[in-house]
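Participant: could you work out the structure for the sequence below:
(2 chains)
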Amino acid sequence: MKNFFKIFSFIILFSGLSLSTQAAEKVEYLKTDWSFKGLFGKFDRAALQRGYQVYTEVCSSCHSMKYLSYRNLAEKGGPEFSIEQAKAIAASFEVKDGPNSDGDMFTRPGRLSDKFVMPYDNVQAAQAANGGAYPPDMSVLVKARGGGVDYIYSLLQGYEDPPAGVTLDDGVYYNKYMYGNKIKMANQLSDGLVEYSDGTIASVEQMSKDVTTFLMWSAEPHLESRHRMGFKAIVYLIILTILVYFSMKKIWSRIETEV
Amino acid sequence: MSDHEYTPKSKFGKWFNDRLPLLTLANHLTDYPTPKNLNYWWTFGGILTFCLITQIVTGLVLAMHYIAHADMAFDSVEHIMRDVNYGWLIRYIHANGASMFFLAVYIHIFRSLFYGSYKAPREIIWIIGIIIYLLMMAAAFLGYVLPWGQMSFWGATVITNLFSAIPLVGEGIVTWLWGGYSVDNPTLTRFFTLHYLIPFLILGLVVLHIWALHVPGNNNPVGIDIKKPSKDTVPFHPYIVIKDGFALLMFMIVFAFFVFYTPNILGHADNYIEANPLVTPAHIVPEWYLLPFYAILRSVPDKLLGVVAMLSAILILAALPWLDTSKIRSAVFRPLYRQFYWILVADVLILGYVGAMPAEGLYLLVARVATAYYFLHFLVILPVLGWKEKTLPIPLSITEPILGGSPNLATAKNKESLNK
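Facilitator: Okay, the predicted model is just below:
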């Protein structure tokens, strides 16, 4: 058994080591309490709904979210808008469809089954409209950046005047959390930019937190059921392990060797 | 194969067994005499079998939903993550399963190194194991390309480009591998095909690995030959089955923690960015389990020699049964080898660490020293140690040190004085 714990701690140490090598080159990001972290982490429903509002009113003019559909907004574990609300949201967008029986493309109001409408027709159009920089699709953005949610949260609040000696080209901005500190997205958030219907004060910090929560959900829409199932699975495994341990002891007691 | 003739009890069983001796095989597997002093380091063989089956089963389901096309691969993975029922679970088990597989295989290999399991008469088991390990690396690399993220694409570019180091025909081979003039759709489709094929090759080799194991039987922590069956052995079922099962469950707890709570921590964030041939990531790094060899590759300034060094680092293991000249198997009775063993473990961990760091300055220097030491260990230290080392006296059977409850060493000495 002693030997066993040696192996077990070795595995833990080893995984710890492999994790720490990846975490090298850290910048100190701004910290905030994320409701979705931890064993029982869940999304803050209201924050997701507010985050969606920030996304549609601010981000979505440049950033697409091509893997999301309007139906997702009403699904369990997400912002959980009611079906009617989600339908209304979908209908507020014009969706290009077709060709119809005459062979023509046409636009119609969005439905639940439609993907989020993209701000630009293609990557080239997006680049042309943004000084050559392509605003990345935000569906899995938090998973595609080293610092994850903390990075996005910090970046949104990381705009500063450049320090002396740093010259910026036209259309380039200084952000202390950006890799290389130069970013082509201008500061988008300012206090009171959106008006939250639930009365929350729309400070830059609040909006950053809300929209980042929304992005976490969009990247990991099944996070809540993953956490729930994980807890059950691990508890189940632990109980089974204990039972198997005692039956092993019993079986091996037939011979004089220690397990 | 078995030591005693087995006859099924039922009439049908006998009829069937005379035509296809499956029952004899099953009887052999349950009765298989196993040394009773096997410790928990020996449970990783069973754990690895579990890993292989898990990868094959989850992989089959993923393949039903995945689309091997450069324009659709990334989307289809997101489709699995979002819209396929429990697709996220299957994919996270498969992705983290690869890491768990390698974690287990490294423990398995280093157990073998410590207890001298590769020595006669087990050389063939060992060499089959090395081939399995090579195929595992190939499968892992090919699989990492399939999501068609940035690391997939650029990892594939870097690794396939290694072949261009071959003189004269190198460039031609790379073009042939790619199916074009860059990593593109033809590369992806053939990688998918091969990724699907290799696990079944591994499965076949695992059968051979176990077959070859069942001829001489297991090595054991004391490293001595034992009579089978005897007081030193226990039947595989139920003793080893329950013990392997217990260890497997503990392993699964660690596995489940990764899958459910940190599913992306072993991967690279850049792989959630769709492959873009026009943008190179800042650092191209392989998965953690390939890092030691990546460090060896980069520590040699010449491209061809670097590739040769990296391949030799793996292939040298196949020659290990002949490089290690010591007659004593277990490091328990080799005081000097034991120390060099732990230095080697540290050396490989250091190589893994510098492999993740940029190849410059101090990191590069450390990588070079560690690479040199790696080869020194196998090519110089091991052969010389076999001749020079004063080993401790080994016990005559494994029963006595265990029954006496005293350390092997004391019993061994005791035994020796009795013999005088």
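
Participant: contact partners for the residue in chain A positioned nearest to chain B?
Facilitator: With Cβ to the nearest Cβ, the shortest gap between chain A and chain B falls at residue A:230, namely 2.5 Å. C-beta: built from backbone N, CA, C; applies to glycine. Residue A:230 is in contact with A:39, B:256, B:257, B:259, B:260, B:261, counting by Cβ atoms under 8 Å, 6 or more residues apart in numbering or on different chains.

Participant: tell me how far residue B:350 lies from residue B:379.
Facilitator: Per Cβ to Cβ, to the nearest Å, residue B:350 is found 19 Å from residue B:379.

Participant: more neighbours, the two?
Facilitator: Using other Cβ atoms under 10 Å in any protein chain shown as the criterion, residue B:350 and residue B:379 rank with residue B:350 on top: 18 against 14.

Participant: quick revisit: part of a helix, is the residue of chain A closest to chain B?
Facilitator: Yes - counting by DSSP: H, G, I helix; E, B strand; the rest coil, residue A:230 is found in a helix.

Participant: can you pull up the most central residue in chain B?
Facilitator: Note on chain B: the residue nearest the mean C-alpha position is residue B:105, at 3.1 Å, using Cα atoms, centre = their mean.

Participant: in what helix or strand does residue A:77 lie?
Facilitator: Using DSSP states H and E, residue A:77 falls within no helix or strand.

Participant: what's the pLDDT at whichever residue of chain B sits closest to chain A?
Facilitator: For chain B and chain A, the shortest gap (Cβ to the nearest Cβ) falls at residue B:260, measuring 2.5 Å. Among the per-residue scores, residue B:260 shows a pLDDT of 98.

Participant: likewise for residue B:297?
Facilitator: Residue B:297 is assigned a pLDDT of 96 by the prediction.

Participant: packing partners for the helix or strand encompassing it?
Facilitator: Remark: residue B:297 resides in helix B:291-299, with elements defined by DSSP H and E. Secondary-structure packing of helix B:291-299 (3 or more Cβ pairs under 8 Å, 6 or more residues apart in numbering or on different chains; DSSP states H and E): helix B:303-315, helix B:335-356, helix B:361-376.

Participant: for that helix, give me every contacting residue.
Facilitator: With Cβ under 8 Å, 6+ apart, helix B:291-299 has contacts from A:21, B:162, B:285-286, B:306-307, B:309-310, B:313-314, B:348, B:351-356, B:359, B:364, B:367-368, B:370-371, B:374.

Participant: just the buried ones from those residues?
Facilitator: Neighbour counting by 16 or more other Cβ atoms under 10 Å in any protein chain shown classes A:21, B:162, B:285-286, B:306-307, B:309-310, B:313, B:348, B:351-356, B:364, B:367-368, B:370-371, B:374 among the contacts of helix B:291-299 as buried.

Participant: for the stretch 101-250 of chain B, which residues are neighbours of chain A?
Facilitator: B:103, B:107, B:234, B:238, B:239, B:242, B:243, B:245, B:246, B:247, B:249, B:250 (Cβ under 8 Å from any Cβ of the partner chain).

Participant: ok, so of these, who is nearest residue B:280?
Facilitator: Nearest to residue B:280 among these is residue B:103, at 29.8 Å by Cβ to Cβ.

Participant: what mean pLDDT does stretch B:89-105 have?
Facilitator: 98.

Participant: if we can go back for a sec, could you dump the helices and strands packed on helix B:291-299 to JSON lines with mean pLDDT and distance to chain A?
Facilitator: JSON lines is the format used below for the helices and strands packed on helix B:291-299 (pLDDT from 0 to 100; distance: least, Cβ to the nearest Cβ, whole Å):
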{"stretch": "helix B:303-315", "mean pLDDT": "96", "distance to chain A": "19"}
{"stretch": "helix B:335-356", "mean pLDDT": "97", "distance to chain A": "4"}
{"stretch": "helix B:361-376", "mean pLDDT": "97", "distance to chain A": "11"}
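
Participant: between these, which one is nearest to residue A:141?
Facilitator: helix B:335-356 (23.8 Å).

Participant: from the chain's centre, how far out does the closest one sit?
Facilitator: For helix B:335-356, the separation from the chain centroid amounts to 17 Å (computed by Cα atoms, centre = their mean, to the nearest Å).

Participant: okay, the angle between that helix and helix B:303-315?
Facilitator: Here the directions of helix B:335-356 and helix B:303-315 differ by 140 degrees (axes from the mean of the first three to the mean of the last three Cα atoms, to 10 degrees).

Participant: what helices and strands are in contact with helix B:335-356?
Facilitator: Under the contact criterion of 3+ Cβ pairs under 8 Å, 6+ apart, helix B:335-356 touches helix A:2-22, helix B:87-115, helix B:291-299, helix B:361-376, helix B:382-388.

Participant: elements contacting the fourth one?
Facilitator: Identification of packing neighbours for helix B:361-376 by 3+ Cβ pairs under 8 Å, 6+ apart yields helix B:291-299, helix B:303-315, helix B:335-356.
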